[in-house]
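>>> Fold the following for me, if possible:
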Amino acid sequence: MKMINILPPEEARKIAAGEVIDRPSALIREFMDNALDAGAANIEVSIEGGGVARTEVSDDGHGMSREDLELCCLTHATSKIRTLADLDSSLSLGFRGEALAAAAAVTRLEILTSMDGLKAFKLESWPGKEISIEQGRRKKGTSVRAMGLFDTIPARKRFLKREGSEAVLCRNVFNDKALAFPDIGFRFFRDSKLKTFLPPHVSFKERFTKIALNEKESALSAGAEKLVYEITARGEGFEVIIVFAGPELSRGDRRGQYIFANGRRIQDFSLIQALEYGLRGLFPNGVHPVGAVFVNIDPALADFNIHPAKREVRFLDPGAIHHSITTTLENFRRKTFTRIYDIPAAGPETFPEGNAFNFEYNKENDYRTGIKAPAAPASGVLALQAAETPPAYATEHFTGNGLRLVGRIFDLFILVEYNEKLIIIDQHAAHERILYNSLIANPVTEQELLVPIPFQTENEDDDRFLESRQKDLAGLGIRIEKDGDGWRIDTLPAGWRVSASQTIKEILGLKTAGKNMAEKLTISLSCARAVKDGDYLDDESALVLAEQALRLTDLHCPHGRPILFEIERGEMLKAVKRT
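Next up is the predicted model:
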């Protein structure tokens, strides 16, 4: 009995087309690639019915001759390469010659093209029918229109999303293409309404700000471009342009991160990691930078032919690109996000260890309860006299560097005046950074526990971690020994001020730190030692902490949060309409 059948050519074409054209956004991706490869300076995209009813891309590129138009819808018809070896030097976005053939198999296709604006030709193609070509009228360039996607394949059409959802996907692809080519102008129409206009000849930063930031983010600081940065990294055979927003525009997920290779949006988690790793310390835990990485690489050093939609790339030396991105970002971060307050040190810079600052934990003895305000005056004259006499508790505290302690608020913030600025310092974050720097500069010392901490692990993974990293933990001041069926903590880093249960949680949490175990423990230790929200600092300690905070070169806590912010005198005067 015969089991194997040869599919009719038309059926085979429809099935193969599904690998390239799976929804309207795929039409836009392929048509825009062709327009970009044609050298277009302006590209217009228009959709109706979410792109299912109509998807059209028009450009002002070099157009096609009648002879090329007759061939363009044939399978594997391409002007980009002649042999497989050409892939090693091809910089075009398309090269397989599948897009128009696939579109013609599942839509009613119309192509209008002209090479000089004088002669124009129009192609019409229906699934299962011969193409027809006739004279047309058009200025130089090409328009490709696809109508009735999957009308002849109802089984495929019923898996499409709702019209609005498909329209969003179409716009996302449009944005991806526009991001990578800021020299080109783009327009996007939905149901005959202009939704996006992107002028040509702008920087990557300007294009990124227009596309990747939402309206609220773009409105920040009277134009978000002030909060967006563009830098370049280079290596052998490649150049990387990196655009990213500062911590003011961070996100709670990675949806605002883009990776491109030679103009294509690709999926590459290692380069996403490079972006985040290069900016570590700048963004608080749980948030992510908004940014784009544009890799321009010699085609001989990358294989773009490993994914049907070219969403993945295999680099010959991915480590070199990763290293270039991280080091460039780290250097830029140190130079750009470091605000130096010119406060000369009276002597060698010192960092308080443990509880060196004089502070109280007990909120029952809150310092404000000991403040006695002057009695309310009985008359206007007495009120005036009282106003001219500073109250007894308004003692001013200065350093020799002109730093004046204004006070403390909310049991957390230290207020100081310096160079006509009010500087508001988070006492915990500042102390945490100071301690972190000290711990990085000096080896951790261990302290033996008078009463060891016994504990049981919950799974074999924890046991394997403790057994394999026992020596590494000891080098960090944590000595752990096997104790029967469980474990016992004998020593901890000096100054560790965390409960037994939290200590166990912190140690087992190092399991996911990998090579960064020492850094993660240092962050935890500095956080444990630092003064907390609600701890009372006396005036002298508050002033010392403020002075040391303003001498830091990195004004972020180890978790990435800013340790202070400032308000200039001019801003205050403007707020109350004074000049």
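>>> Quick check: the gap between residue 578 and residue 416.
According to CB to CB, to the nearest Å, residue 578 and residue 416 sit 22 Å apart. The way it works is simple: take the backbone N, C-alpha and C, and place the C-beta from them, glycine included.
>>> Look at those two and report which has more neighbours.
For the pair residue 578 and residue 416, the greater number of neighbours falls to residue 416 (26 against 8), based on other CB atoms under 10 Å.
>>> Tell me where the model's unsure across the stretch 151-300 of the chain.
214-226, 284-286 (pLDDT under 70).
>>> Name the SS class of residue 283, please.
Secondary structure assignment for residue 283 (DSSP: H, G, I helix; E, B strand; the rest coil): coil.
>>> need the contact list for it.
By CB atoms under 8 Å, 6 or more residues apart in numbering, residue 283 lies in contact with 247, 250, 276, 289, 560.
>>> My reading is that the third one is in a strand; is that accurate?
No: inclusion of residue 276 in a strand is not indicated when three-state DSSP is applied; the result is helix.
>>> burial count for it?
Neighbours of residue 276 using other CB under 10 Å come to 18.
>>> now swap in the last one and tell me
Neighbour count for residue 560, taken as other CB under 10 Å: 18.
>>> isn't there a strand covering it?
No: Residue 560 sits outside any strand when classified using three-state DSSP, being coil.
>>> these two touch, right, residue 180 and residue 266?
No: using CB atoms under 8 Å, residue 180 is not in contact with residue 266, being 10.6 Å away.
>>> where do the contact lists of the two overlap?
By CB under 8 Å, 6+ apart, the residues touching both residue 180 and residue 266 are residue 260.
>>> ok, these two, which is more surrounded?
More neighbours surround residue 180 than the other of residue 180 and residue 266, with 23 against 20 (other CB under 10 Å).
>>> Show me the strands in the stretch 151-300 of the chain, by range?
185-190, 193-198, 228-235, 238-245, 257-261, 264-265, 291-297 (DSSP state E, counting those that start in this stretch).
>>> now for the third one, which elements pack on it?
Helices and strands touching strand 228-235, as assessed by 3 or more CB pairs under 8 Å, 6 or more residues apart in numbering; DSSP states H and E, comprise helix 204-212, strand 238-245, helix 318-336.
>>> okay if I get these as TSV plus distance to residue 74?
Listed next are these as TSV, based on distance: least, CB to CB, whole Å:
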stretch	distance to residue 74
helix 204-212	35
strand 238-245	35
helix 318-336	36
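>>> Now mean neighbour count too, for these, in a markdown table please.
Below are these laid out as a markdown table (neighbours: other CB atoms under 10 Å):
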| stretch | mean neighbour count |
| --- | --- |
| helix 204-212 | 22 |
| strand 238-245 | 22 |
| helix 318-336 | 17 |
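>>> what domains does the record give for the protein?
9-197, 204-336, 341-579 (automatic domain parsing).
>>> Just the terminal-to-terminal distance for stretch 126-142.
19 Å (CA to CA, to the nearest Å).
>>> in it, what's buried?
Of all the residues in stretch 126-142, those buried under the rule 16 or more other CB atoms under 10 Å are 126, 127, 131, 136, 138, 140, 141, 142.
>>> residue contacts, the closest residue in space to the first one that isn't next to it in sequence?
Here the nearest residue to residue 126 in space, its sequence neighbours aside, is residue 108; by CB to CB, 6 or more residues apart in numbering that works out to 5.4 Å. For residue 108, the set of contacting residues under the criterion of CB under 8 Å, 6+ apart consists of 124, 125, 126, 127, 146, 147, 148, 151.
>>> next one: residue 265
Per CB under 8 Å, 6+ apart, neighbours of residue 265: 176, 177, 179, 180, 258, 259, 311.
>>> Report the two of these separated the most.
179 and 311 (15.2 Å; CB to CB).
>>> out of the two, which sits in the busier spot?
residue 179 (23 against 14).
>>> State the distance from that one to residue 403.
In terms of CB to CB, residue 179 sits 45 Å off from residue 403.
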